[in-house]
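K.L.:
Can you look at this prediction? I've put the sequence above it.
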Amino acid sequence: MKAKTTSIWHGNFKDGKGSIVAEHSALHSIVYKPNKKADEKTATNPDELLGAAHSSCYNMTLNYYLTEAGYSIDFLETSVVITDKNKVITNIDLMVTGKVHDITNDLFKQFAEKAKAGCPVGNLLKIEASLTASLQQ
């Protein structure tokens, strides 16, 4: 599968902003900018987009492995925290919680680690990523 996105930038770095369009998805005219404030809800930045790509890919990978093993999943929720120091991404922290029927916490953690190793976006990044996995009853 090929996925095409287009990013357009207008203006200088400090005052400018860009927009993103994904050709075959609901991503349309998403505004991004480097100086986005934490509470600003009208724009995103590349770190958030990267986190969204990683968490969604990880959820699909974990769901695939669990489904293939015969487990029934109510939900999986993955958060990604990306740490950036001096304009260099230094680490990524994954936190996954799920409700999966008839599985032990230890086995869930094993599947979580397998998904971490098998996630295409995570593998693309090739950065040290921590993982915290917890199962809800």
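P.N.:
Happy to help now that I have it.

K.L.:
mind checking the longest helix of this structure?
P.N.:
What stands out as the longest helix in the chain, according to DSSP state H, is helix 46-68.

K.L.:
Please tell me how far Tyr65 sits from Ala53.
P.N.:
Distance, Tyr65 to Ala53, using Cβ to Cβ, to the nearest Å: 19 Å. Every C-beta, even on glycine, is put in place using the N, C-alpha and C of the backbone.

K.L.:
what's the answer for Tyr64, then?
P.N.:
For Tyr64, the distance to Ala53 (Cβ to Cβ) stands at 17 Å.

K.L.:
okay, these two: which has more neighbours?
P.N.:
Each of Tyr64 and Ala53 has its neighbours counted (other Cβ atoms under 10 Å); Ala53 has more, 17 against 12.

K.L.:
what sits against the more buried one?
P.N.:
Counting by Cβ atoms under 8 Å, 6 or more residues apart in numbering, Ala53 makes contact with Val121.

K.L.:
Just confirm Val121 is within a strand.
P.N.:
No: counting by DSSP: H, G, I helix; E, B strand; the rest coil, Val121 is not found in a strand; it is helix.

K.L.:
Looks like it contacts Tyr58 (just checking).
P.N.:
Yes: taking contacts as Cβ atoms under 8 Å, Val121 lies within contact range of Tyr58: 7.4 Å.

K.L.:
Can you give the domain ranges for the chain?
P.N.:
By the assignment in automatic domain parsing, the chain contains the domains 1-44, 46-135.

K.L.:
Would you map the helices across the chain?
P.N.:
Applying DSSP H to the chain gives helices spanning 46-68, 105-118, 120-125.

K.L.:
Tell me which of the domains of the chain is the most buried.
P.N.:
Counting by mean count of other Cβ atoms under 10 Å, domain 46-135 has the highest mean neighbour count of these, with a mean of 16.
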